[in-house]
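Chemist: let me see the structure of the following:
(one chain, ligands or ions: 1)
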Amino acid sequence: MRTFTKYEFHNLLEDKLHKQRMTTVNEATNTDLFYAIAAIINDEVHQTALETMKRHHQNKERQVSYLSLEFLIGRLIESNLINTGFKSVCDEVLIDLGKDPRHVYHEEEDAALGNGGLGRLAACFLDSIASLGLAGNGFGIRYRYGLFEQRIVSGEQIELPDNWLKEPYPWETRKFEETVIVNFGGTVDYTIDEHDNMHFTFNNQEKVQAVPYDVSIVGYHNDVVNNLRLWKAEAFNRVDDGHGYDNRLNYMNNVERISGVLYPDDESDDGKLLRLKQQYFLVSATLQTLIKRFKSIHELPLTQFHEKNVIQINDTHPTLGIPELMRILMDEEGLSWKEAWYITSHTFAYTNHTIMQEALEKWSYDLVKQLNPRVLMIIEEINRQFCLDISEDQLKDLSVIDDGVVHMSRLAIIGSFSVNGVAALHSDIIKKHTFNDFYQLDEEKFNNKTNGITHRRWLLNANPGLSRLITSKIGDSWIAHPDQLRQLLDFKDDENFLSELDAVKVKNKQHLKKVIFQKTGIEVNENSIFDVQIKRLHEYKRQLLNVFHIIYLYHEIKDNPTMEVQPRTFIFGAKAAPGYKRAKEIIRLIHAVANVINNDDDVADRIKVVFLENYNVSLAEDIIPAAEISEQISTASMEASGTGNMKMMMNGAVTLGTMDGANVEIDERVGRDHIIIFGLSSDKVIDYQNNGGYRAREVYQTDERIKRIMDELNDDTFTNGKSFNDLYYHLLKDNDPYFILRDFDTYVDAEKRAAALYNDKKKWNQMSLVNIAESGYFSSDRTIKDYNEDIWKLN
Ligand SMILES: *Cc1c(COP(=O)(O)O)cnc(C)c1O
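Modeler: Prediction:
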């Protein structure tokens with residue numbers, strides 16, 4: 001990659017503004033500048049992408065393909081500027097032009113092709129794979145509409161379509177000539193020839209074009225540019241498709257819906273076939289492409305495909321790739337079942353992201369048949385052969401097809417050579433409980449890869465103040481080697497450093513205070529603790545527990561109006577899946593409680609509750625540098641890893657959490673003096689689930705604080721008319737399945753401890769420093785190195 005002087009960059013910018021935006025530097029809007037800068041980056045990056053590809057081809061490199069139905073990318077402009085090395089010259093040129101670089105970069109629409117942590121993980125992984133110089137590419141879907149845009153109207157969530165492509169997306173290149181065809185539905189017939197080989201013919205299949213859009217993924221200062229290929233579904237224009245113009249238009253609309261919208265991960269019935277179609281669309285288009293590339297790069301027989309390719313599947317969503325690769329190898333390439341199975345089961349590696357039964361993917365047999373009957377035949381045969389080796393009484397727990405249901409996780413495990421969880425605790429639970437039967441059959445297959453986040457986005461770019469401070473003390477080699485952040489531990493007793501650290505946090509809080517005011521009109525106290533819970537709204541993440549504590553604090557102040565309290569600002573960001581009623585009720589409750597507390601003069605500057613609408617990657621980048629307490633309070637055993645916990649730790653927030661997911665490993669690294677832990681252990685939760693013994697009603701009746709809060713949900717305290725009695729009855733009648741009442745007491749205690757610690761500012765800053773210093777382990781560079789060493793084995 002070239003480097004530019006200010007003068008050169010300015011001239012390039014001028015040139016792009018003329019030729020591509022028909023404007024001048026003096027008249028250019030922020031949008032013009034954004035597109036002109038993107039064009040400069042693309043000129044350099046596309047050249048390097050070609051060179052990277054050529055190098056990989058010439059070296060006949062083994063490569064990983066990361067398949068995911070979700071990539072939660074956010075904005076790319078700053079990442080691309082940082083990774084190309086153009087960031088500071090670009091900042092300077094913009095400032096000289098009298099522009100605020102931040103405003104220019106924020107012209108980019110977030111690409112929100114994902115729901116939450118799982119999709120963001122995929123995006124962080126691509127950044128790390130490129131930055132480590134590994135030959136790896138992502139494959140996903142170019143949804144016309146990404147994750148819905150959340151608006152709050154009268155305290156309730158409203159969803160709007162996310163029209164992220166209303167302006168051109170500058171980072172994508174349409175590659176129509178690399179289109180492949182995906183076949184859906186229809187019927188299968190077969191004939192048997194004189195050698196006993198079966199030949200299949202298909203009738204009435206729906207043919208869909210998968211058109212690739214490529215997005216370059218730039219490595220950090222290493223002249224490596226990998227690729228994310230996003231598939232778009234398009235119809236054929238053909239005379240024999242349908243009868244009449246209306247029918248053809250209908251057909252076209254149906255086809256384009258395949259890449260029409262990202263599904264929020266809830267259980268909507270009518271979307272099921274379409275969602276399954278999306279999964280098959282991704283894997284079929286991708287595998288056809290990988291086979292073509294293999295043939296053109298390597299002079300090897302297809303029986304060696306797995307030596308040059310590994311496919312990591314992000315959760316079970318791309319599991320249909322397993323029968324699809326079998327289908328291609330047998331039906332199109334003429335390999336035997338045995339050969340095809342050997343290749344397939346040595347190509348796929350599966351990452352599990354949840355142990356919650358309701359979140360493990362299951363599809364009805366009939367639906368899979370409707371999707372593609374040949375794929376179902378292959379799944380049945382995979383299962384038949386697998387079941388030959390297992391005992392009758394194990395069938396119920398191991399069979400891929402059981403009771404008319406296809407279990408995707410079972411298919412993924414059987415068809416993969418590696419199965420990993422995403423944090424140490426989660427991987428242990430998989431082995432001990434969720435997939436124990438499979439673990440017994442093949443212990444070697446199971447492993448752990450603790451998640452990570454790209455520190456280049458979440459620290460270097462999101463928190464320039466902190467990055468500068470770190471670099472001024474330990475130099476900048478932490479950027480390439482984030483474990484070197486541990487050198488900061490030398491400054492633990494350096495009062496100067498601690499107060500500089502404090503000053504950075506104050507500035508970030510002032511910035512967030514402004515953002516909060518702009519978005520909500522709420523004035524927060526910048527000297528209060530910024531206590532942050534930002535994540536998808538889900539019962540297991542227990543935003544409700546947080547609200548219970550806020551109501552409790554409110555009661556305390558109302559009962560003792562003069563009591564001294566450490567001022568607190570509780571900040572929430574969360575989207576609820578549109579069909580998830582109870583989650584939406586919790587959002588309504590947060591707003592109702594905020595409305596009462598924020599308008600009560602007795603409370604004034606002491607507690608404020610802020611809900612920032614439309615939580616997404618860009619908003620996360622504004623909030624996280626200002627966070628002081630990181631709320632990670634999921635019911636133990638239920639959060640596979642969490643990555644928000646890592647982002648906030650890296651920015652100096654102190655985790656207040658349960659021993660769940662990666663919190664356990666954060667605790668292990670920082671030590672109990674630098675984290676605030678409370679609540680049931682995962683063993684106890686699992687014990688309650690399996691053996692009973694917990695009675696929520698008893699807690700309700702014996703703990704007066706809880707009774708008072710609950711009773712207010714059931715009456716009119718926080719609303720006029722529409723109470724929260726659904727939440728009230730749910731907690732009592734369904735016996736509080738997420739143990740909110742059970743953990744309330746220790747949670748209140750943990751929050752008290754946090755407030756007391758914050759009062760000793762030096763102590764708090766030391767805690768903050770230790771968290772930053774120990775966060776290098778949670779860089780996705782470390783995670784990707786682990787994947788590569790144990791699973792992918794590239795280079
Ligand atoms: C990191 C991230 C998440 C994941 O947060 P968790 O706290 O781990 O659930 C979700 N959404 C966005 C936008 C993120 O950046």
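
Chemist: helix/strand/coil for residue 785?
Modeler: The local conformation at residue 785, judged by DSSP: H, G, I helix; E, B strand; the rest coil, is helix.

Chemist: also the one 3 residues further on?
Modeler: Residue 788 carries the three-state label helix when classified by three-state DSSP.

Chemist: what about the closest residue to residue 486 other than its chain neighbours, neighbour count?
Modeler: With sequence-adjacent residues excluded and distances taken as CB to CB, 6 or more residues apart in numbering, residue 486 is closest to residue 773, at 5.3 Å. Just so you know, the C-beta spots here come from the backbone N, C-alpha and C atoms, and that holds for glycine as well. Residue 773 has 24 neighbours, counted by other CB atoms under 10 Å.

Chemist: kindly report the same for residue 616.
Modeler: Neighbour number of residue 616 under other CB under 10 Å is 23.

Chemist: equivalent analysis for residue 247, please.
Modeler: 11.

Chemist: for it, identify the helix or strand it belongs to.
Modeler: In the assignment (DSSP states H and E), residue 247 maps to helix 245-256.

Chemist: flag every buried residue along that helix.
Modeler: By neighbour count with 16 or more other CB atoms under 10 Å, helix 245-256 contains the buried residues 248, 251-252, 254-255.

Chemist: do the same with stretch 746-758
Modeler: 747-748, 750-751, 754-755, 757-758.

Chemist: and the ligand, which of the residues you listed contact it?
Modeler: Among these, proximity to the ligand is found for none (CB under 6 Å from any ligand atom).

Chemist: would a markdown table of the buried residues of helix 245-256 with pLDDT and distance to the ligand be doable?
Modeler: Putting the buried residues of helix 245-256 into a markdown table (pLDDT from 0 to 100; distance: CB to the nearest ligand atom, whole Å) gives the following:
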| residue | pLDDT | distance to the ligand |
| --- | --- | --- |
| 248 | 85 | 40 |
| 251 | 87 | 36 |
| 252 | 90 | 33 |
| 254 | 91 | 31 |
| 255 | 94 | 30 |
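
Chemist: quick check: residues of this protein near the ligand?
Modeler: Going by CB under 6 Å from any ligand atom, the residues of the chain near the ligand are 116-117, 120, 535, 616-617, 620, 642-644, 647.

Chemist: got the residues you listed as CSV, with pLDDT columns?
Modeler: What follows is these, written out as CSV (pLDDT from 0 to 100):
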residue, pLDDT
116, 96
117, 97
120, 98
535, 98
616, 98
617, 98
620, 98
642, 98
643, 98
644, 98
647, 98
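
Chemist: which residue does the stretch 451-600 of the chain bring closest to the ligand?
Modeler: Distances between the stretch 451-600 of the chain and the ligand by CB to the nearest ligand atom are smallest at residue 535, namely 3.5 Å.

Chemist: residues contacting that residue?
Modeler: Residue 535 sits next to 116-117, 541, 573-574, 615, 642, 644 when contact means CB atoms under 8 Å, 6 or more residues apart in numbering.

Chemist: average pLDDT for the helix or strand just after the helix holding residue 247?
Modeler: Next helix or strand after helix 245-256 toward the C-terminus (DSSP H and E): helix 272-297. Regarding helix 272-297, the rounded mean pLDDT is 96.

Chemist: also stretch 698-711?
Modeler: So the average pLDDT for stretch 698-711 ends up being 98.

Chemist: now for this structure, the helix or strand with the poorest mean pLDDT.
Modeler: When each helix and strand of the chain is scored by mean pLDDT, DSSP states H and E, strand 198-203 comes last, with a mean of 83.

Chemist: nearest to residue 18 among the buried residues of helix 245-256?
Modeler: Nearest to residue 18 among these is residue 252, at 38.3 Å by CB to CB.

Chemist: roughly how far does residue 63 sit from the ligand?
Modeler: Distance check for residue 63 against the ligand: by CB to the nearest ligand atom, to the nearest Å, it reads 27 Å.

Chemist: check contacts around that residue.
Modeler: Counting by CB under 8 Å, 6+ apart, residue 63 has contacts 56, 135-137, 308-310, 794.

Chemist: tell me the secondary structure at the residue of the stretch 251-400 of the chain found nearest the ligand.
Modeler: The stretch 251-400 of the chain approaches the ligand most closely through residue 353 (10.9 Å), counting by CB to the nearest ligand atom. At residue 353 the chain is in coil, as set by three-state DSSP.

Chemist: nearest spatial neighbour of it, skipping sequence neighbours?
Modeler: Nearest one to residue 353, counting by CB to CB, 6+ apart, is residue 315 at 4.6 Å.

Chemist: swap in residue 297?
Modeler: Among residues not flanking residue 297 along the chain, residue 57 sits closest, at 5.2 Å (CB to CB, 6+ apart).
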